[in-house]
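In: Kindly return the folded structure for what I paste below:
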Amino acid sequence: MSLIILDTDLQPITGPFVTEHNGFTGGQQEFLFYFKNQFPEFYYENIRLKVEMPDLALGDLFSTSGWSVKMKFGSEQPTEKEWGDVIVNNEITLPIDIGSSEVANTESLFPVWLRVFCPGHTNPQYKTDMNLSLKYFKKLVSGVV
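Out: Sure, this is the predicted structure:
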């Protein structure tokens, strides 16, 4: 993969996201992660991202177990009002391309916030079955052989 996903320490994320939740009270946990281009010969268009969990259907308000996720592009942590405007369990499209046909962008970090909600009155647990699904169009920068 030419796009890399980095955590807040700028280390590659290679496995599923792991969250810890108090099932009695429920609640949410928020993560910031970044996309970055690793290769100067490519640029990327129409970058789409969604979270996959075994019992989560795209667009449903909650999974069958009550869990839900929201994602938002941006460097600032979203406020409660901003999170309220985000559609739950939905795919997002990054509002900008990474690079262009003239030049690849290998320097910039492209931030995305993820909010995971755990329902109350469930068993306390580590949630370990969330994965990111990333789709994009990878194109060759002009003049690269």
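
In: quick one: residue 104 and residue 14, what's the gap?
Out: 23 Å (C-beta to C-beta, to the nearest Å). The way it works is simple: take the backbone N, C-alpha and C, and place the C-beta from them, glycine included.

In: between these two, who's got more neighbours?
Out: Neighbour totals were compared for residue 104 and residue 14, and residue 104 leads with 22 against 7 (other C-beta atoms under 10 Å).

In: Name the nearest residue to the more buried one, sequence neighbours excluded.
Out: Spatially, and ignoring its direct neighbours in sequence, residue 104 is nearest to residue 40 (4.7 Å; C-beta to C-beta, 6 or more residues apart in numbering).

In: Show me the shaky parts of this structure.
Out: 1, 23, 62, 123-124, 144-145 (pLDDT under 70).

In: if we go to 50?
Out: Filtered on pLDDT under 50, the chain yields no residues whatsoever.

In: roughly how far is the longest strand seen in it from the heart of the chain?
Out: Secondary structure assigned by DSSP state E gives strand 125-140 as the longest strand of the chain. Taking C-alpha atoms, centre = their mean, to the nearest Å, the mean C-alpha location of strand 125-140 is offset from the chain mean by 7 Å.

In: got a list of what residue 115 touches?
Out: 28, 29, 30, 31, 69, 70, 71, 72, 78, 83, 86 (C-beta atoms under 8 Å, 6 or more residues apart in numbering).

In: And residue 66, by the same measure?
Out: Counting by C-beta under 8 Å, 6+ apart, residue 66 has contacts 118, 119, 122.

In: Going by neighbour count, which of those comes out on top?
Out: The most crowded member of those is residue 118, carrying 22 neighbours; neighbours defined as other C-beta under 10 Å.

In: Is that residue bridged to anything, and to what?
Out: residue 27 (DSSP bridges).

In: Quick check, it in contact with residue 27.
Out: Yes: the pair residue 118 / residue 27 is scored as a contact, 6.0 Å apart, by C-beta atoms under 8 Å.
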